[in-house]
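J.: Compute the structure for the input listed below.
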Amino acid sequence: MGFDRLFTRKNGGIAVIVLLGLLFIKSAYFVINEWERGILLRVWQLQDEIYTPGIHFKLPLLDTIKTLNIQTQKIEINADAASRDQQTVLITLALNYRLNPNAVGTIYQTIGLNEAVEFRIIGPAMQDSVKGWTAQFTAEQLITRRREVSDTISKSLRDRLERQGIEVVDVNIVNYSFSEEFNKAIEAKVKAEQEALAEKNRLERTKYEAQQAIERAKAQAESIRIQAEAIRAQWGAEYVQLQWINKRDGKLPQTMLDDGNGVILNLSPNQ
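T.: Sure thing, here's the model as predicted:
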């Protein structure tokens, strides 16, 4: 009985040793994914090497691995600002960025992991750029020159963030929100412009129709002139007499002037 207990303890001890060995082996390597870069802390001291995707080895218990995501990521913020003409505006700004793979060591040492980069660096930089550059444009220009405003903010962010190992991929102004009073003023202006355009179109149409009528009248007058010239040239008075005969209905006129004596004759058969 005692021997069995001894044997059981021995097997248990072997299992523990095997388990510890497996844990040791597992803790001696690490894997870096395609979208990551790794840095190594040896006894919490940052080492120079940056680890690329693949399997790597480390010293168990002494080494700690930190990974940073280097994929393109998006951050969106809302920033309150004031335009050059003192209009309050809420701007929604979206930024696509990625960490420079070769700078992850410095980024971790000076800033921290991805969450810290967004919270401590990118977010405040976006707020500052929006407020600073919005003040360079009037409220109306913010709307009509939206692409220019976006490009200006983008350049500002690139200059600021890339010095810290953060690459700016794209910057977009998602939305503007102005005060209710400003929105009403814009609506009134747009309505007035639309009404003015409609009135201009109406006047242009009237002018066009009047010109068309004039041209038709000119054409008709010219046609009459040409016909009159042709009549005078070819038939003269005979043509006029023929036209008078064609208009008669076959009946004699009821009265006729006697050109010789000035007597009016009544030709009606009932008289």
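J.: three-state assignment of Leu61?
T.: Classification of Leu61 using DSSP: H, G, I helix; E, B strand; the rest coil returns coil.
J.: and it, how many neighbours?
T.: By other Cβ atoms under 10 Å, 10 other residues sit near Leu61. Using the backbone N, CA and C atoms, a C-beta is placed for each residue, glycine as well.
J.: Apart from its neighbours in sequence, what residue is nearest it?
T.: Distances taken as Cβ to Cβ, 6 or more residues apart in numbering place Ser27 nearest to Leu61, at 7.4 Å, with adjacent residues excluded.
J.: do you know how far that neighbour is from His56?
T.: 13 Å (Cβ to Cβ, to the nearest Å).
J.: More neighbours: which of the two?
T.: His56 (17 against 13).
J.: what's the helix or strand for that one?
T.: strand 54-57 (DSSP states H and E).
J.: What helices and strands are in contact with that strand?
T.: strand 29-32 (3 or more Cβ pairs under 8 Å, 6 or more residues apart in numbering; DSSP states H and E).
J.: And the next helix-or-strand element following the strand it packs on, what's buried?
T.: Downstream of strand 29-32, the first helix or strand assigned by DSSP H and E is strand 36-42. For strand 36-42, the neighbour count (16 or more other Cβ atoms under 10 Å) marks Glu36, Arg37, Gly38, Ile39, Leu40 as buried.
J.: Is it possible to get TSV of those that adds distance to Ser223 and pLDDT?
T.: Shown next, in TSV, are these (distance: Cβ to Cβ, whole Å; pLDDT from 0 to 100):
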residue	distance to Ser223	pLDDT
Glu36	89	95
Arg37	89	96
Gly38	94	95
Ile39	95	93
Leu40	100	93
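J.: Where do the strands of the stretch 101-250 of the chain begin and end?
T.: Along the stretch 101-250 of the chain, counting by DSSP state E, counting those that start in this stretch, strands occupy 166-178.
J.: shaky segments in it?
T.: Across the stretch 101-250 of the chain, the ranges flagged by pLDDT under 70 are 183, 186-187, 190, 230-232, 234-250.
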